[in-house]
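Undergrad: I would like the atomic coordinates for the input below:
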Amino acid sequence: MTKLNFWNSTWHLDEKQCPCDIHFLDYLEEKKSKGRNIFHMGTGSHHIVGLKTASDGANNQVLGITASKEEYAAYIDLLIDNPKLGFSYKAYFGDLYQTDARLLPSLDYATLFHAGEYRTPENDTYGALTDEEVAFVLADRLTPGGEILFYTGSFAYDVAARAGQALVAKKGFKDAGKYKSLHVFKKGP
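TA: The predicted model follows:
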C-alpha cells in the first residue's frame, strides 16, 4: 500500500542554523509589504511567519503547508488558543508535491525554502509533482510582479536553483538577486 511521504519530525526555530523564515520576515518589512497573499512552504513548529504577519499590522495573509504532523498539531494548538490568528493565517498538512492550482488563491509571494529537501521516490509512487512543477504551479498563481523565494542555505539548494532558472527560462521570470540567505525570482508584468 502506498503511503503519503511526510516528515516524521518537527522544526523549532533556530535562526543560526536556518534563518530563512526570519530573513523572509525582514524582507517583507523592508519592502513595506501590506495586504499581500503569501504561500509558505515549511511552517516549522514555531509558525513564525504566520504569527508575525498576523501581529505586525501589515495585513498580510499566509497559507502555510507542513508535511509534519507535529507542526500541524502545533498550528491547531495556536489556533485554539488564539482564534483571531485564523483570520490571516491558515496552515494545512500535506505533501507540497500534490499542490493543485485550483485550490490556491492568487499570490504575491511564494516561499519554497526547502525545495528538494524531502522529495523522494516515495512521492513518485502516487504521481507527485517535481520541484520544478511545483514552482510552475505557484508561478501561475502569482500576480504580476509576484515573487518566488528560495533559501540558499538549504542542503538541496541546487534543486531550488534549477527550479529558479526554469522559472526564468520557461515562465518569463527575472532573477531578482539575493536578499540575505534568500534568492528571489520575480514574475514579469
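
Undergrad: who touches the lengthiest strand in the chain?
TA: Using DSSP state E, we find that the single longest strand of the chain is strand 142-151. Under the contact criterion C-beta atoms under 8 Å, 6 or more residues apart in numbering, strand 142-151 has outside partners 18, 20, 24, 27, 106-115, 135, 138-139, 157, 160-161, 163-164, 167, 173, 176, 181-189. Where C-beta positions appear, they are placed from N, C-alpha and C, glycine not excepted.

Undergrad: what are the buried residues along the helix or strand of the chain with the lowest mean pLDDT?
TA: Lowest on mean pLDDT, DSSP states H and E among the helices and strands of the chain sits helix 121-124, with a mean of 92. By neighbour count with 16 or more other C-beta atoms under 10 Å, helix 121-124 contains the buried residues residue 123.

Undergrad: with stretch 162-180 instead?
TA: So stretch 162-180, judged by 16+ other C-beta under 10 Å, has buried residues 163-164, 166-167, 171, 173, 179.

Undergrad: could you point out which element follows the lengthiest helix in the chain?
TA: Looking across the chain with DSSP state H, the single longest helix is helix 157-171. Under the assignment DSSP states H and E, the closest C-terminal helix or strand after helix 157-171 is strand 174-179.
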